[in-house]
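Chemist: Sharing a model that was predicted from the sequence below.
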Amino acid sequence: MRAENDYKLPNEVKFNKHIHRKNNDIVAAMYAMYCTGKSIRKIAEVYHKTHQAVYDTFHSRHYPLRSKQLKGLQILDGVSFTVDGNGYLRGTIGKRRISGQRYVWEKANGPVPTGFVLYFKDKNKTNVAIENLGLVSLLEMSKKFNPKANNQYTKHENIKHQ
């Protein structure tokens, strides 16, 4: 997979062959922004255009565009898991959505007991190896990862210590 920074765009912005177009300088400025790493959507916001209009303009003028960055994909036992917006692996088995860590845990150890949660020992949300998964109670999870919290899991503990 190619990183966004690995893709080299030309330093020189060429004008469209149609010299009678009035917006050549504007399009050149828009493309210069694109070459610095801005997304088409951000450029469209700055110039009060739709992202489709900006894309079509670049495409019709044959400006090279970055390829779409694909999210991570892991295949476990023939089930495809992709990285969601929070960085966790999510997949679908039948009609059921399941997290990658829960799938691996349940395959090895059975269902996660009520009142318990899984955590990543190395804090890498995409490392769903069984050795990297830990099982803790909600109380222990709250103590371990948010020790100053005052929530439903630590409320009773705080009363005992006072």
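Modeler: Nice, I can see it.

Chemist: Break this structure down into its domains, please.
Modeler: For the chain, the structural domains run 4-60, 73-161, going by automatic domain parsing.

Chemist: Which of the ones you listed sits closest to residue 67?
Modeler: With CB to CB, the closest approach to residue 67 among the domains of the chain belongs to domain 4-60: 7.1 Å. C-beta: built from backbone N, CA, C; applies to glycine.

Chemist: just to revisit the earlier point, take the domains of the chain and lay them out in JSON lines including mean neighbour count and distance to residue 67.
Modeler: What follows is the domains of the chain, written out as JSON lines (neighbours: other CB atoms under 10 Å; distance: least, CB to CB, whole Å):
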{"stretch": "domain 4-60", "mean neighbour count": "13", "distance to residue 67": "7"}
{"stretch": "domain 73-161", "mean neighbour count": "13", "distance to residue 67": "16"}
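
Chemist: Find the residue closest to residue 33 in space, skipping its chain neighbours.
Modeler: Once flanking residues are discounted, residue 33 sits nearest to residue 43: 5.2 Å by CB to CB, 6 or more residues apart in numbering.

Chemist: Give me the pLDDT value at that neighbour.
Modeler: With respect to pLDDT, residue 43 scores 93.

Chemist: Which helix or which strand is home to it?
Modeler: Here residue 43 is covered by helix 40-46, with elements defined by DSSP states H and E.

Chemist: That helix: how far from the chain's middle?
Modeler: Centre-to-centre, helix 40-46 and its host chain are 20 Å apart (CA atoms, centre = their mean, to the nearest Å).

Chemist: I'd like the domains of the chain as a markdown table, with distance to residue 66 appended.
Modeler: Shown next, in a markdown table, are these (distance: least, CB to CB, whole Å):
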| stretch | distance to residue 66 |
| --- | --- |
| domain 4-60 | 5 |
| domain 73-161 | 19 |
